[in-house]
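>>> I'd like to go over a predicted model; first the sequence, then the structure.
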Amino acid sequence: MTNVYLLIYPKLKAFKVGKADNVFNRADNIKKWWGEPDYVNSLSLGINNELVFKLEKSLHLLLDQFSMNYSDGDGKTEFFSLDAYSTAIEYVNIFIKSNKLPSALVKGIDKPNFLIDVNKSKKRDYIFSKHNAGKNRIINSLSYTMKNLEVVLRVNNLLIKYRKRINFELICNNQDYSLIVYDRKFLAKILFDNLRIEYESFSGGFVGHNLCGSLDKGEDFYKLNFHLNVSSKNEFIILLVKELESSFKLLQKQT
């Protein structure tokens, strides 16, 4: 099923005869040329696809002498003077009767309901905001944790690689580690500022863990302090801590 429509355009003193599965969408797509039609008083007829072309073309031929003769615009040949509106309605009714159609002309074109109840809108916004905030906390926490791990492992990797050329010290006390690096050229190559001296946590069962407990700076050294005695039951954090601890133990063998 589709529709034949008679769309009234008061400002143009004309009406448009056409076919569309969704009359509102068709009118909305061409409004940049013709403006808004009178949706309330316009008419449409639900009709099967076999007869829609026949009815549309018959109306165009019947109303030809009333054509607005527009030279430009989508659907320009389908506009006729409002003086012929009653004639078009009369012919459509004759067509319905002669073809024994079960449908009739319907006044008013359905418009999508874009208006949402104010209270529902506020509730929806609250729910979205709450969900979005939780999502951001998870992403940011993971981002901070991975950034910590990335930088620290990079430092350890470079220290191991250049262990004969770089002066550094690793102090270990149970699961507390202090890594002190004495090398200005080396320090200049490392983005220590990426290390976040903060602790991210939130409800929902996940805790983002800051792998670097503190960072001390001097003119010719950086001291990174780590406390890896983590009581978290989160498998992700346990895995990160084990990886970092393994890296430190390997580095410790080189000092």
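The structure has been received and is ready for your questions.
>>> which stretches of the stretch 1-150 of the chain have low pLDDT?
Along the stretch 1-150 of the chain, the model assigns pLDDT under 70 to residues 113-125, 138, 141-142, 144-145, 147-149.
>>> and with 80 instead?
112-150 (pLDDT under 80).
>>> now do the helices in it.
Using DSSP state H, counting those that start in this stretch, the helices of the stretch 1-150 of the chain run over residues 23-29, 31-34, 49-62, 85-98, 118-161.
>>> number of nearby residues for residue 112?
Neighbour count for residue 112, taken as other C-beta atoms under 10 Å: 9. C-beta here means a position set from N, CA and C on the backbone, and glycine is covered the same way.
>>> hmm, it is touching residue 27, no?
No. Shown here, residue 112 and residue 27 do not form a contact pair, counting by C-beta atoms under 8 Å, at 11.9 Å.
>>> quick one, domains of the protein?
Under the assignment automatic domain parsing, the domains of the chain span 2-107, 118-252.
>>> want to throw the ones you listed into JSON lines with mean neighbour count?
Output for these, formatted as JSON lines (neighbours: other C-beta atoms under 10 Å):
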{"stretch": "domain 2-107", "mean neighbour count": "16"}
{"stretch": "domain 118-252", "mean neighbour count": "14"}
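>>> would you enumerate the residues in contact with the residue nearest to residue 93 when sequence neighbours are not counted?
Leaving aside its sequence neighbours, residue 93 sits nearest to residue 105 (C-beta to C-beta, 6 or more residues apart in numbering; 7.1 Å). Contacts of residue 105 were listed using C-beta atoms under 8 Å, 6 or more residues apart in numbering, and they are 6, 43-45, 89, 92-93, 96.
>>> just give the nearest non-adjacent residue to residue 56, would you?
Spatial nearest neighbour of residue 56, chain neighbours left out: residue 19 (5.0 Å); criterion: C-beta to C-beta, 6+ apart.
>>> ok, that neighbour - contacts?
2-5, 52-53, 56.
>>> pick out the most distant pair among those residues.
5 and 53 (14.0 Å; C-beta to C-beta).
>>> if we can go back for a sec, between the contacts of residue 105, which sits nearest residue 225?
Nearest member of the contacts of residue 105 to residue 225, counting by C-beta to C-beta, is residue 44, at 75.2 Å.
>>> okay, the closest residue to that closest one other than its chain neighbours and residue 170: tell me how far apart.
Leaving aside its sequence neighbours, residue 44 sits nearest to residue 5 (C-beta to C-beta, 6+ apart; 4.3 Å). Going from residue 5 to residue 170 by C-beta to C-beta, to the nearest Å gives 80 Å.
>>> quick check: closest non-adjacent residue to residue 6.
residue 43 (4.5 Å).
>>> hmm, residue 103 and the one you found touching each other?
No. Between residue 43 and residue 103 there is no contact under C-beta under 8 Å: 11.8 Å.
>>> mind listing what the residue nearest to residue 6 touches?
5-6, 89, 92, 105-107.
>>> same check on residue 88?
Contacts of residue 88 by C-beta under 8 Å, 6+ apart are 6, 15, 17, 59, 62-63, 80.
>>> next: residue 157.
Residues in contact with residue 157 (C-beta under 8 Å, 6+ apart) are residue 247.
>>> rerun at 10 Å
By C-beta atoms under 10 Å, 6 or more residues apart in numbering, the residues touching residue 157 are 247, 250-251.
>>> which single one of those residues is nearest to residue 152?
Distances from residue 152 to the contacts of residue 157, taken by C-beta to C-beta, are shortest for residue 247, at 7.5 Å.
>>> shouldn't residue 170 be within a helix?
No. Read with DSSP: H, G, I helix; E, B strand; the rest coil, residue 170 is strand and lies in no helix.
>>> now residue 79: closest residue in space that isn't a chain neighbour?
Nearest to residue 79 is residue 68, by C-beta to C-beta, 6+ apart, at 4.1 Å.
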